[in-house]
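> one predicted model, sequence on top.
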2 protein chains.
Amino acid sequence: MTGRLTIIGLGPGPDRQITPEAKAALAEAKWLLGYGPYLNRLTPGPGQTILPTDNREEAARAAQALDLTAQGETVAMVTGGDPGVFAMAAAVVEQVEQGPPAWRALDIQVIPGITAMLAVAARVGAPLGHDFCALSLSDNLKPWPVVERRLRAAAEGGFVIALYNPRSKARPWQMEAAFTLLRTLLPGTVPVIFGRAVGRPDENLVFTDLARADATQVDMSTCVLIGSDQTKLVERPGREPLVYTPRSIAAS
Amino acid sequence: MTGRLTIIGLGPGPDRQITPEAKAALAEAKWLLGYGPYLNRLTPGPGQTILPTDNREEAARAAQALDLTAQGETVAMVTGGDPGVFAMAAAVVEQVEQGPPAWRALDIQVIPGITAMLAVAARVGAPLGHDFCALSLSDNLKPWPVVERRLRAAAEGGFVIALYNPRSKARPWQMEAAFTLLRTLLPGTVPVIFGRAVGRPDENLVFTDLARADATQVDMSTCVLIGSDQTKLVERPGREPLVYTPRSIAAS
């Protein structure tokens, strides 16, 4: 009786962006755990049981998955995007570290997926074409001064910035505070993209710039891309613009 | 006669990590352009022509793809990993910006893929589980002082660091110089991972730490992950360790 736990990324939404590896791992699992909206994207097969949990119960959900695996079950922990980027893989490994020693013997595999920033970037061109960073704007799990310090380091370092978890009903002011800080560090002309549900029927895409970026257009499911001072917008008559960050920086 | 250009990411190597979207775009293309080793991963169908180019001819390859598309052809620009991360998408958009105005009217679509750092991270746990950055260590296209400034910003900002293009025969010293700089900024105990050909038969994975990291074990195809001071290694008897960066940072 050997259990197995796979931690699976479904990508940003469309089925066509789910890898065959992820599909195969889903098909093999007897138990499908995860945040409800991700599990709703799946059609369970015969003999599969879906166990949805709330988004704030990550530690408990990880422990439940490990417990089932230790009982010999085949378990899939399902996430959107990539499971290693602000998602469940870290929560599971944290439980392995803190839980019973037997959990360290379990067969655990993380299966990568297309994370939101890659999908949004692809949709608009190549804004992540040079050095970039990914930052969660949530201060639920880290103090706001840490977020500010990282935004400052990213902007001063010349990184393009991808923001995850930018704004929610419980965190209404952080996105605007981030724009206000970044406006002191970067030109107002820097391209900014809001990408939500990219590739899905309810896709919402906003092209703006740092000076005009309106935080109220952003929600928890939006990935926000903020250019560096090198990022450019290429206008196209009759088409959406293309945004890219050149691969080269000339010596100054 | 309407041409179409797709810029496609094949992921890090294994076919099971190529999305259905990428497969469909490959199947539709009449012309397959790209760096030879990526194209070697494909079996061209009837009516498909493969046009391999050298790795250093990115601008010319992008212009050739746009030129064929402008002639009404269906063209795929093939890359490994994700086309938007240190790959061809930025080169193509740059050519759109600099080329004939007619190129701005073309149908161009970027199709995301699993980029190397996500595959390496998944392979070892969740080292990118919190804020991180992706940095090309090549100074072919940017001055070395810019690389140093960004390494410093990333380390001081507390980001986990993913390094692409870390070392080649023509750039033998930059990886060691980066480790030397980072050793002045981060504890020597910070976990470091070298991931090469992850998921392929010739996979090579090294678990080390910043103090002991040996640059000579790294080549151009290695993705190097360097933890933040929060990143942990979880030992497992009889199994490889798991590496993760916790989602939480306590208020100090």
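Arrived safely, thanks for sending.
> count the neighbours of A:Cys223 for me.
25 (other C-beta atoms under 10 Å in any protein chain shown). For the C-beta atoms, the positions are set from N, CA and C on the backbone; glycine is no exception.
> ok, A:Ala60 next?
The number of residues packed near A:Ala60 is 13, by other C-beta under 10 Å.
> work out for me the element it sits within.
Assigned by DSSP states H and E, A:Ala60 falls within helix A:58-70.
> in that helix, what's buried?
A:Glu58, A:Arg61, A:Ala62, A:Ala63, A:Gln64, A:Ala65, A:Leu66, A:Asp67, A:Leu68, A:Thr69, A:Ala70 (16 or more other C-beta atoms under 10 Å in any protein chain shown).
> and which of those is nearest chain B?
Set against chain B, the nearest of the buried residues of helix A:58-70 by C-beta to the nearest C-beta is A:Glu58 (7.7 Å).
> report the separation between the closest one and A:Pro83.
To A:Pro83, A:Glu58 is 12 Å away according to C-beta to C-beta, to the nearest Å.
> try A:Ile114
Distance of A:Ile114 to A:Pro83, given as C-beta to C-beta: 11 Å.
> now for those two: what residues contact both?
A:Gly9 (C-beta atoms under 8 Å, 6 or more residues apart in numbering or on different chains).
> contacts for the helix or strand A:Phe207 falls within, please.
Following DSSP H and E, the helix or strand that holds A:Phe207 is strand A:204-209. With C-beta under 8 Å, 6+ apart as the contact definition, strand A:204-209 has outside contacts at A:120, A:123-124, A:188-198, A:214, A:217, A:222, A:233, A:240-241, A:243.
> in that strand, what's buried?
A:Asp209.
> who does that strand pair up with?
If you go by DSSP bridges, strand A:204-209 pairs up with strand A:191-196 (antiparallel).
> what is the mean pLDDT for the partner strand?
Averaged over strand A:191-196, pLDDT sits at 98.
> quick one: that strand to chain centroid distance?
In terms of C-alpha atoms, centre = their mean, to the nearest Å, the centre of strand A:191-196 is found 14 Å from the chain centre.
> what residues does it touch?
Counting by C-beta under 8 Å, 6+ apart, A:116, A:119-120, A:123-124, A:127, A:202-210, A:213, A:217-219, A:221-227, A:231-233, A:243 sit against strand A:191-196.
> just the buried members of those residues?
A:116, A:119-120, A:123-124, A:127, A:209-210, A:213, A:218, A:221-227, A:231-233, A:243.
> in helices only, show me those.
Taking DSSP state H, the ones among the buried ones among the contacts of strand A:191-196 that sit in helices are A:Ala116, A:Ala119, A:Val120, A:Arg123, A:Val124.
> which residue, other than its chain neighbours, is closest to the first one?
It refers to A:Ala116. Using C-beta to C-beta, 6 or more residues apart in numbering or on different chains and skipping the chain neighbours, the partner closest in space to A:Ala116 is A:Cys223 (4.0 Å).
> now the helices for chain A?
Taking DSSP H as the criterion, chain A carries its helices at A:20-28, A:36-39, A:58-70, A:88-98, A:116-124, A:144-157, A:174-183.
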